[in-house]
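Colleague: The sequence and its predicted three-dimensional model are supplied below.
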Amino acid sequence: MTPSEIVDLLGRTFDQALLDSKTEGVLNSWALVAPDRLRDIAFFCRDDERLQFDSLMCLSGMDHGAGILGVVYHLDSTPLGHRIVLKVKVPAADPRVPSVEAVWKCANWQEREAYDMVGVVFDGHPDLRRILLPEDWDGFPLRKDYQVPEYYNGMKVPS
Amino acid sequence: MDTPAVALDSAHRPLTVPGFPRPLKAHELVVNMGPQHPSTHGVLRLELILDGEVVVDVVPHIGYLHRCFEKHAEQMANYQQVIPYCDRMDYVAAMSAEFGYVVAMERMLKIKVPERVEYIRVIMAELQRIANHMIAIGTYGLDIGAFTPFLYLFRDRELILDIFEETCGARLLYNYMWIGGLSHDVQPNFTDKLLKFCAAFRPTIREINNLLSYNAIFVKRTADVGVLPAETAVNYGASGPVLRGSGVRWDLRKNDPYSVYDRFDFEIPVGTGEKGTVGDCWDRYMVRVREMEQSLNIIEQAAAKLPAGNVQEAIPKRIRPDAGEVYARTETPKGDLGYYIVSDGTASPARVKVRPPCFVNLSLLPAICRGALIADVVAVLGSIDIVLGEVDR
């Protein structure tokens, strides 16, 4: 399917949940979806015969600035050879996104990384702990407003 | 005296291990492997939960080598400065990591690079693939108790590093591929050296097969061990030799061609269960050996057709992409390396997210190890071929 057909299909199936999309003039076509329907959309993307997105290539936590966080999902269908990018945006004050770990297992560690770096909380993740940073690290380093702490456990953090 | 079913700590609370879903049972033992274990190839800590000799679960702890790659990339003054940091992710396959980044940036900037650049890049990436697999195979033998193949492979790896050193001055971290071109053209004797290397290395592969691949002890340690079924591999996002070892014919050089890979004739080796079950450690290992042969084929074809040209003519003087984003992935020796680069229209990147193959492949370790014997954990870990620099970034 072409990217615009995929977006059309998502729009027909999930109606209100498709908030925005762009398929022309971009290198990777994307669709912005509502966070509360993300899990259903993910299952649909994987299981629908026309889509068959069996592979989550990349899951990225984002800080869009101005108090908006986001998650970007790059999907690939190995049998059909088409691709789409799903995006969600959430307020930094309440950054909750449903986990897609049950859909694609490779989301497990990548969601932990997004939580660790950007601070997005993945609802329904079986083991949401920090992964790259120590458990007692303060703050989320990839936020645009992140300040490096002066001390970590009494040790001076080199600047 | 009755043994309690659940293990208790000194305050009589059930003992738990973070990352392991239930409290420990009284007869279960937790063993730490690493962070300084010879077979973890870096600083990786595994918590093994054991029932006798059987592995109940593995909880990997990573991050010891985290060097804030993504944060650094955002802080750079321009896009070119990110390239040396890419080198330092997978430091035994730095050319491949650079390759992915420049492919992504050139797609974003819509730069068409000269043919000569593309051919040299492919040659360098394939040399790097061979060098990486030499380490993977050599240290895998070492992990399992075969010392000699390691020496033979490191001897021949020097030939590759010599070619890299002659070309760009560095042996490990090259900063060789630039956005739009290369830092240096190759030396006049480049193709001769390549052909000499190919001729010298083919017999070594035969030697390795005799010494290690078909060695009865090695086969006993790896065949039917750590079997990874194809559907699990796909669902966990495995890539590279880990995925192909499970019999899935998936290689981005064929399935999503970039650069000039579509002009070469080569095959994608996959695991066939020749010595045991499809997807066992031996299959993953053997895919790497066979890939080295295929890389030699690509190098010979590219060297024969190496076009003339100026390798720096397409390098942009000033890089300021329009606001937008790109996701590009390339087949590194370890699997699909993806770069998600977001530009906000300024001279430095707004976000560079890396999808490292080692990170994703390592997340499979618990799934493969459950139910295996403790001695096999080393065999499984070695067959995944991780570099902690890339896992932790």
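Modeller: All right, it came through fine.
Colleague: Pull the number of nearby residues for the residue lying closest to residue B:297 once chain neighbours are set aside.
Modeller: The shortest distance from residue B:297 to any non-neighbouring residue, by C-beta to C-beta, 6 or more residues apart in numbering or on different chains, is to residue B:266 (5.2 Å). Every C-beta, even on glycine, is put in place using the N, C-alpha and C of the backbone. Look at residue B:266: counted by other C-beta atoms under 10 Å in any protein chain shown, it has 18 neighbours.
Colleague: likewise residue B:315?
Modeller: Neighbours of residue B:315 (other C-beta under 10 Å): 18.
Colleague: Do you know the pLDDT at the residue nearest to residue B:297?
Modeller: Looking at residue B:266, its pLDDT reads 90.
Colleague: On the three-state scheme, it is what?
Modeller: Counting by DSSP: H, G, I helix; E, B strand; the rest coil, the backbone at residue B:266 sits in coil.
Colleague: any idea how far it lies from residue B:303?
Modeller: For residue B:266, the distance to residue B:303 equals 14 Å [C-beta to C-beta, to the nearest Å].
Colleague: go on, residue B:46?
Modeller: Distance, residue B:46 to residue B:303, by C-beta to C-beta: 42 Å.
Colleague: next one: residue B:312
Modeller: Using C-beta to C-beta, residue B:312 is found at 21 Å from residue B:303.
Colleague: How about residue B:382?
Modeller: Taken as C-beta to C-beta, the span from residue B:382 to residue B:303 is 32 Å.
Colleague: Among these two, which residue is more densely surrounded?
Modeller: Using other C-beta under 10 Å, the more surrounded residue of residue B:382 and residue B:303 is residue B:382, with 25 against 19.
Colleague: Just to check, residue B:208 is in contact with residue B:288?
Modeller: No - with contacts counted by C-beta atoms under 8 Å, residue B:208 stays clear of residue B:288, the gap being 10.3 Å.
Colleague: dump the residue contacts of residue 99.
Modeller: Here I'm looking at chain A. When contacts are counted by C-beta atoms under 8 Å, 6 or more residues apart in numbering or on different chains, residue A:99 touches A:39, A:107, A:111, A:122-125, A:128.
Colleague: My question was about chain B, not that one.
Modeller: Contact analysis of residue B:99 by C-beta under 8 Å, 6+ apart lists B:121, B:124-125, B:177, B:259, B:330, B:332.
Colleague: May I have the predicted confidence score for the residue in the stretch 101-250 of chain B that chain A sits nearest to?
Modeller: Using C-beta to the nearest C-beta, residue B:237 is the residue of the stretch 101-250 of chain B that sits closest to chain A, at 2.9 Å. The model reports residue B:237 with a pLDDT of 87.
Colleague: Surely residue B:202 and residue B:299 touch.
Modeller: No - Residue B:202 lies out of contact with residue B:299 (C-beta under 8 Å); the separation is 11.4 Å.
Colleague: Give me the more crowded residue out of those two.
Modeller: Ranked by neighbour count (other C-beta under 10 Å), residue B:202 and residue B:299 place residue B:299 first, with 25 against 13.
Colleague: Please name the nearest non-neighbouring residue to residue B:166.
Modeller: Among residues not flanking residue B:166 along the chain, residue B:187 sits closest, at 5.2 Å (C-beta to C-beta, 6+ apart).
Colleague: tell me the phi and psi of that neighbour?
Modeller: According to degrees, to the nearest 10, the main-chain angles of residue B:187 amount to phi -70, psi 160.
Colleague: Count the neighbours of it for me.
Modeller: Neighbour tally, residue B:187, other C-beta under 10 Å: 12.
Colleague: That one against residue B:168, yeah?
Modeller: No - counting by C-beta under 8 Å, residue B:187 sits too far from residue B:168 to count as a contact (10.3 Å).
Colleague: Endpoints of stretch B:137-152, how far apart?
Modeller: From its first residue to its last, stretch B:137-152 covers 11 Å (C-alpha to C-alpha, to the nearest Å).
Colleague: one step back: relative to residue B:257, how far out is the residue nearest to residue B:297?
Modeller: The spacing between residue B:266 and residue B:257, counted by C-beta to C-beta, is 12 Å.
Colleague: follow-up on the earlier one: contacting residues around the residue of the stretch 101-250 of chain B closest to chain A?
Modeller: Applying C-beta under 8 Å, 6+ apart, we find residue B:237 in contact with A:55-57, A:104-106, B:360, B:363.
Colleague: Okay, and which of the residues you listed map to helices?
Modeller: Of the contacts of residue B:237, the ones assigned to helices by DSSP state H are residue B:360.
Colleague: Between the contacts of residue B:237, which sits nearest residue B:89?
Modeller: The nearest member of those to residue B:89, counting by C-beta to C-beta, is residue B:360 at 13.6 Å.
Colleague: Now the closest one. Nearest residue, chain neighbours left out?
Modeller: That would be residue B:237: by C-beta to C-beta, 6+ apart, it lies 4.7 Å from residue B:360.
Colleague: And that neighbour, which helix or strand is it part of?
Modeller: Per DSSP states H and E, residue B:237 falls between elements, in no helix or strand.
Colleague: Give me the distance between the residue most central in space within chain B and residue B:375.
Modeller: Nearest to the mean C-alpha position of chain B, counting by C-alpha atoms, centre = their mean, stands residue B:334 at 2.4 Å. Distance, residue B:334 to residue B:375, using C-beta to C-beta: 24 Å.
Colleague: same check, this time on residue B:125
Modeller: 36 Å.
Colleague: Same question for residue A:6.
Modeller: Going from residue A:6 to residue B:375 by C-beta to C-beta gives 47 Å.
Colleague: go on, residue A:85?
Modeller: Counting by C-beta to C-beta, the gap between residue A:85 and residue B:375 amounts to 43 Å.
Colleague: With neighbour numbers in mind, choose between those two.
Modeller: Ranked by neighbour count (other C-beta under 10 Å), residue A:85 and residue B:375 place residue A:85 first, with 24 against 12.
Colleague: quick one: contacts for the residue of chain A found nearest chain B?
Modeller: The minimum distance from chain A to chain B, using C-beta to the nearest C-beta, falls at residue A:106 (2.9 Å). Applying C-beta under 8 Å, 6+ apart to residue A:106 gives the contacts A:56, A:59, B:235-238, B:360, B:363.
Colleague: 6 Å - rerun?
Modeller: Residue A:106 makes contact with A:56, B:236-237, B:360 under the criterion C-beta atoms under 6 Å, 6 or more residues apart in numbering or on different chains.
Colleague: Name the nearest residue to it, ignoring sequence neighbours.
Modeller: Nearest one to residue A:106, counting by C-beta to C-beta, 6+ apart, is residue B:237 at 2.9 Å.
Colleague: For the one you found, what are phi and psi?
Modeller: The phi/psi pair for residue B:237 (degrees, to the nearest 10) reads phi 80, psi 20.
Colleague: Would you check how far apart it and residue A:58 are?
Modeller: Distance, residue B:237 to residue A:58, by C-beta to C-beta: 9 Å.
Colleague: average model confidence for stretch B:354-373?
Modeller: Computed over stretch B:354-373, the mean pLDDT rounds to 91.
Colleague: Enumerate the positions of it that are buried.
Modeller: B:354-369, B:372 (16 or more other C-beta atoms under 10 Å in any protein chain shown).
Colleague: Centre of the chain to it, how far?
Modeller: Averaging C-alpha positions (C-alpha atoms, centre = their mean, to the nearest Å) puts stretch B:354-373 13 Å from its chain's average.
Colleague: Which residues does that stretch contact?
Modeller: Applying C-beta under 6 Å, 6+ apart, the contact partners of stretch B:354-373 are A:58, A:106, A:109, B:53, B:55, B:57-58, B:60, B:226, B:228, B:236-240, B:242, B:334-338, B:377, B:380, B:384, B:386-387, B:390-391.
Colleague: Out of those, which end up buried?
Modeller: Judged by 16+ other C-beta under 10 Å, buried ones among the contacts of stretch B:354-373: A:58, A:106, A:109, B:55, B:57-58, B:60, B:226, B:228, B:236-240, B:242, B:334-338, B:377, B:380, B:384, B:386-387, B:390-391.
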